[in-house]
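Asks: here is the input, now give the coordinates:
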Amino acid sequence: MTCLVCRAQSPEEAEVCATCNSWLLPLHAGVRIADRYQVLEMLGQGGMGVVYRAVDRLLDETVAVKCLTPEAMASPTLEQRFLAEAKLARRVTHPNVCRIHDCGIDRNLI
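Replies: Next up is the predicted model:
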């Protein structure tokens, strides 16, 4: 598997790059992000990121985790837009819109 951050080669079963310690995308079931969210499966991906179904180990609830792709993280404006979107989405309350509970960075993964 090729690391999208530093382009180093890693074994297919690796979770993080041995060279730069970045997460290798797509993440696979069982991976723990920020030692809190355990990935269950990938739900979908788009131009900006990948969305996973995960379990929040702290709250013991199923959640959706959206991670920016390394290509998206390379753009400082896109990273800022993503964080602004998360702040704005926290204000939305609707039965068909998921609530934002957390935002952070773990091993170059936003």
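Asks: now the strands: where do they sit in the protein?
Replies: In chain order, the chain shows strands spanning 32-33, 37-45, 49-56, 61-68, with DSSP state E as the criterion.
Asks: for those strands, give me JSON lines that also has mean pLDDT.
Replies: Conversion of these to JSON lines gives the following (pLDDT from 0 to 100):
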{"stretch": "strand 32-33", "mean pLDDT": "90"}
{"stretch": "strand 37-45", "mean pLDDT": "94"}
{"stretch": "strand 49-56", "mean pLDDT": "93"}
{"stretch": "strand 61-68", "mean pLDDT": "91"}
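Asks: want to throw these into TSV with distance to Ser75?
Replies: (Each C-beta comes from the backbone N, C-alpha and C, glycine too.) Below are the strands of the chain laid out as TSV (distance: least, Cβ to Cβ, whole Å):
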stretch	distance to Ser75
strand 32-33	21
strand 37-45	17
strand 49-56	12
strand 61-68	9
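Asks: can I get these in a markdown table including mean neighbour count and distance to Arg7?
Replies: Formatted as a markdown table, the entries for the strands of the chain read as follows, by neighbours: other Cβ atoms under 10 Å; distance: least, Cβ to Cβ, whole Å:
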| stretch | mean neighbour count | distance to Arg7 |
| --- | --- | --- |
| strand 32-33 | 16 | 22 |
| strand 37-45 | 15 | 20 |
| strand 49-56 | 19 | 19 |
| strand 61-68 | 17 | 18 |
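Asks: and the ones you listed: which comes nearest Leu25?
Replies: Comparing the strands of the chain against Leu25 with Cβ to Cβ, the closest turns out to be strand 49-56 (6.2 Å).
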